[in-house]
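A.B. asks: got a predicted model here, sequence first, then my questions.
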Amino acid sequence: MRLVVLGTSCSNPTVERNLTATALQFEGNWFLFDCPEGTQRQMMKSGVSYMRIHSIFLSHFHADHVLGLPGLIATMAMHERDVPLYVYGPKGTKKEIEKIMDLALMRKNFEIRVKEVGKGKVCKEEKYEIDSFPLKHGVPCIGYVFKEKDKAGTFQREKALKLGIPEGPLWSKLQKGEKVKVKGKAFKPEQVMDYSNGRKGKKVAIVMDTLPSDSYFDTIKDSDVLVHESSFLEKHITRAKETKHCTAKQAAWVAEQTKAKKLVLVHISPRYKKNKDVENEARQEFGNVVVPKDLEEIEV
């Protein structure tokens, strides 16, 4: 798994910061979260392959989150993409994508499959799943969680047979971590599973424009990496409330409350020139904070 911060600014780009977008690589495919102007150029700089983008997850349709989408799709078409592109977003996404395509007078030679999401399971694949959850912003806005599935370990066939557990559905239950009974005798998964080569799947949460709220805590809890917007510092908290955004300290409070392992702060107002100021404020609430530079790779 590879996480690349393509941009960290909000509202408008600066000399140092492009607008906020994040790319996650998993098993050869890329997953893009938001697509503001300049995103595909940032991808080229960082080695993120736009032709290997499997899905794009849009938080909402404010300009600083979506204006790079028509250009990116046009580039895919010019390079003869021949596999579907999946686009997820809040209610109204299908209509907005149609507007974008019409505005750009674009002809695409591949299918764009759009799904509007709210709270719940976005997709469930063999090795990962993605959930979405609503945020509190001025327009419909969505956050996302990418969860790699746990690797349970190795099922020990010989041990199961020796214990008298017949081959079939009971073996499958044991591999899933369930207890089973055979002729009134109970067996636990650890009696037939070798967990020495198993591990817990990684979890990455992406939270964009929102007022801080415990409404999404359950979905993002125990994230290995929490990427969270932090548009303002506490000295501008009134402005944060007016525009329905978070301060760095509030984002850090969210990380503390949800037991995140690492907090990555993005979507920073151009008025703040020094990342250190944002980081120092967040550290009042949470220790493991990163305020990345554009194109920085984050360890998951």
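C.D. replies: Right, received. Where do you want to start?
A.B. asks: and the nearest residue to residue 220 once chain neighbours are set aside, how many residues sit next to it?
C.D. replies: Excluding its sequence neighbours, the residue lying closest to residue 220 (CB to CB, 6 or more residues apart in numbering) is residue 205, at 4.0 Å. Placement of C-beta: from N, CA and C, glycine included. Other residues lying near residue 205 total 27 when counted by other CB atoms under 10 Å.
A.B. asks: could you list the domains of the chain?
C.D. replies: 2-150+200-298, 154-195 (automatic domain parsing).
A.B. asks: contacting residues around the nearest residue to residue 153 once chain neighbours are set aside?
C.D. replies: Once flanking residues are discounted, residue 153 sits nearest to residue 198: 3.4 Å by CB to CB, 6+ apart. Under the criterion of CB atoms under 8 Å, 6 or more residues apart in numbering, the contact list for residue 198 reads 150, 151, 152, 153, 154.
A.B. asks: need the buried ones from the residues you listed selected in ChimeraX.
C.D. replies: In ChimeraX syntax, the buried subset of these is picked out as below (16 or more other CB atoms under 10 Å):
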select :152,153
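A.B. asks: so of the contacts of residue 198, which ones are in strands?
C.D. replies: Of the contacts of residue 198, the ones assigned to strands by DSSP state E are residue 154.
A.B. asks: which one among the contacts of residue 198 gets closest to residue 21?
C.D. replies: Using CB to CB, residue 150 comes nearest to residue 21 of those, at 28.5 Å.
A.B. asks: ok, the residue nearest to the closest one when sequence neighbours are not counted to residue 116 distance?
C.D. replies: Of all residues not flanking residue 150 in the chain, residue 201 sits nearest, at 4.7 Å (CB to CB, 6+ apart). Per CB to CB, to the nearest Å, residue 201 is found 27 Å from residue 116.
A.B. asks: what do you get for residue 122?
C.D. replies: 10 Å.
A.B. asks: again with residue 236
C.D. replies: From residue 236 to residue 116 the distance is 33 Å (CB to CB).
A.B. asks: now swap in residue 208 and tell me
C.D. replies: Counting by CB to CB, the gap from residue 208 to residue 116 is 17 Å.
A.B. asks: the two: who's more crowded?
C.D. replies: Regarding residue 208 and residue 116, a neighbour count based on other CB under 10 Å identifies residue 208 as having more, with 29 against 16.
A.B. asks: just the helices in the chain please.
C.D. replies: 39-46, 63-66, 69-78, 93-103, 157-163, 169-175, 217-220, 237-243, 248-257, 275-282 (DSSP state H).
A.B. asks: possible to save these as JSON lines with distance to residue 190, mean neighbour count and mean pLDDT?
C.D. replies: Below are these laid out as JSON lines (distance: least, CB to CB, whole Å; neighbours: other CB atoms under 10 Å; pLDDT from 0 to 100):
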{"stretch": "helix 39-46", "distance to residue 190": "43", "mean neighbour count": "19", "mean pLDDT": "97"}
{"stretch": "helix 63-66", "distance to residue 190": "46", "mean neighbour count": "20", "mean pLDDT": "96"}
{"stretch": "helix 69-78", "distance to residue 190": "47", "mean neighbour count": "18", "mean pLDDT": "92"}
{"stretch": "helix 93-103", "distance to residue 190": "45", "mean neighbour count": "15", "mean pLDDT": "88"}
{"stretch": "helix 157-163", "distance to residue 190": "11", "mean neighbour count": "13", "mean pLDDT": "94"}
{"stretch": "helix 169-175", "distance to residue 190": "9", "mean neighbour count": "15", "mean pLDDT": "92"}
{"stretch": "helix 217-220", "distance to residue 190": "28", "mean neighbour count": "16", "mean pLDDT": "97"}
{"stretch": "helix 237-243", "distance to residue 190": "49", "mean neighbour count": "14", "mean pLDDT": "98"}
{"stretch": "helix 248-257", "distance to residue 190": "32", "mean neighbour count": "23", "mean pLDDT": "98"}
{"stretch": "helix 275-282", "distance to residue 190": "40", "mean neighbour count": "19", "mean pLDDT": "98"}
